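*Asks:* Coordinates for the following, if possible.
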Amino acid sequence: RASNEKPGGVFLWLRAVLPELKAQTASSQIVVTSSVAGLRGLANGGPYCASKFAVNGMVLSLREELKASAPQVKVGLVCPGPIATPWWDEPARGWRDATNPPPPTKMLSPESVATACLSLLHQDASSNIESIVLDPSL
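*Replies:* Residues are numbered from 1 along each chain as shown. Predicted structure coming up:
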């Protein structure tokens with residue numbers, strides 16, 4: 001299921017919003033959140049990683065397409081590691097054992113992920129950030 005939900009949802013959202021953004025002359029920025037799992041494999045996380053690799057590939061391909069067809073539309077990825085949210089308090093979720101989460105010192109704050117997303121929105125007009133990878137500080 002993970003391999004269909006994540007990329008499928010991103011695809012449907014992009015399909016819905018792109019025609020309007022491409023028709024505008026003003027610049028715009030699309031921010032897609034993914035995961036470091038879409039950049040590197042995780043033990044026992046094949047389906048989840050595959051879904052995130054699919055999201056990343058779709059977004060990176062779209063970036064290349066838009067450079068020629070609609071350069072006013074920028075697309076960027078935010079790929080965080082584990083985030084300290086109530087998700088970890090729920091029973092085991094898919095491949096991840098929620099009863100054994102990473103220690104809090106090895107998780108990102110939700111605010112740090114939001115700040116990364118905002119940095120894409122506030123980047124200088126002369127830049128086009130492809131991706132931001134967030135790993136918890138040690």
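
*Asks:* what about the longest helix seen in the chain, distance to the chain center?
*Replies:* Identified as the longest helix of the chain according to DSSP state H is helix 46-69. Offset of helix 46-69 from its chain centre (CA atoms, centre = their mean, to the nearest Å): 10 Å.

*Asks:* Give the buried residues for that helix.
*Replies:* 48-56, 58-59, 62-63, 66 (16 or more other CB atoms under 10 Å). Where you see a C-beta, it was placed from the backbone N, CA and C, and this is true even at glycine.

*Asks:* Repeat that for stretch 113-132.
*Replies:* So, applying 16+ other CB under 10 Å, buried residues of stretch 113-132: 113, 116, 117, 120, 128, 129, 131, 132.

*Asks:* would you put the C-alpha positions of it in PDB?
*Replies:* C-alpha atoms of stretch 113-132 as PDB (Å, rounded to 0.1, in the frame of the first residue of the first chain):
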ATOM      1  CA  VAL A 113      11.200  20.700   8.900                       C
ATOM      2  CA  ALA A 114       8.800  23.700   8.600                       C
ATOM      3  CA  THR A 115      11.700  26.100   8.500                       C
ATOM      4  CA  ALA A 116      13.300  24.000   5.700                       C
ATOM      5  CA  CYS A 117      10.000  24.200   3.700                       C
ATOM      6  CA  LEU A 118       9.900  28.000   4.300                       C
ATOM      7  CA  SER A 119      13.400  28.400   3.100                       C
ATOM      8  CA  LEU A 120      12.400  27.100  -0.300                       C
ATOM      9  CA  LEU A 121       9.500  29.600  -0.400                       C
ATOM     10  CA  HIS A 122      11.800  32.500   0.500                       C
ATOM     11  CA  GLN A 123      14.800  31.700  -1.600                       C
ATOM     12  CA  ASP A 124      16.300  34.400  -3.800                       C
ATOM     13  CA  ALA A 125      14.800  34.700  -7.300                       C
ATOM     14  CA  SER A 126      18.300  33.900  -8.800                       C
ATOM     15  CA  SER A 127      18.400  30.500  -7.100                       C
ATOM     16  CA  ASN A 128      16.500  27.200  -7.600                       C
ATOM     17  CA  ILE A 129      17.000  24.800  -4.700                       C
ATOM     18  CA  GLU A 130      16.600  21.200  -5.700                       C
ATOM     19  CA  SER A 131      16.400  19.600  -2.300                       C
ATOM     20  CA  ILE A 132      17.100  20.000   1.300                       C
END
